[in-house]
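Engineer: Model the following, please.
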Amino acid sequence: MLVLDEPTANLDASTDALVRKMIVDQRDAGLTIVVVTHHPATLAIADDVILLDNETLICSGSTRDAVIQARVAEAMQDHATVS
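Structural biologist: From the prediction side, this is the model:
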């Protein structure tokens, strides 16, 4: 298991892409990876998501689920507005 906290924070575009590729490669090799992120491009490579807000579970499930996608998109928009 690999646990990464904001692995693409403050990286230039090419390094960001390299880190995301390494995450995908490790996932595809069978490694379980837990990523904490506010970055949409990093979130896009996830299979499943757990969305928390102030320690409260908002939703969890497959990133292919339309309801999960909508909740995550809403949260990402809210986060962008606050930041």
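
Engineer: quick one: low-confidence ranges for the chain?
Structural biologist: Counting by pLDDT under 70, the chain has low-confidence residues at 79-83.

Engineer: How is it divided into domains?
Structural biologist: 1-46, 48-83 (automatic domain parsing).

Engineer: In a markdown table: these, plus mean neighbour count.
Structural biologist: (Glycine included, C-beta is placed from N, CA and C.) Converted to a markdown table, the domains of the chain look like this (neighbours: other CB atoms under 10 Å):
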| stretch | mean neighbour count |
| --- | --- |
| domain 1-46 | 13 |
| domain 48-83 | 12 |
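
Engineer: could you say what helices and strands the helix or strand containing residue 20 packs with?
Structural biologist: Using DSSP states H and E, residue 20 maps to helix 13-28. Helices and strands touching helix 13-28, by 3 or more CB pairs under 8 Å, 6 or more residues apart in numbering; DSSP states H and E, are strand 33-36, helix 40-43.

Engineer: do that again at 10 Å, thanks
Structural biologist: On a contact count with 3 or more CB pairs under 10 Å, 6 or more residues apart in numbering; DSSP states H and E, helix 13-28 meets strand 2-5, strand 33-36, helix 40-43.

Engineer: Can I get the second one in CSV, CA atoms only?
Structural biologist: This file holds the C-alpha atoms of strand 33-36, laid out as CSV (Å, rounded to 0.1, in the frame of the first residue of the first chain):
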residue,chain,number,x,y,z
ILE,A,33,-2.7,3.5,-3.6
VAL,A,34,-4.4,6.1,-1.3
VAL,A,35,-4.1,9.6,-2.5
VAL,A,36,-5.2,12.8,-0.7
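
Engineer: Cool, thanks, signing off.
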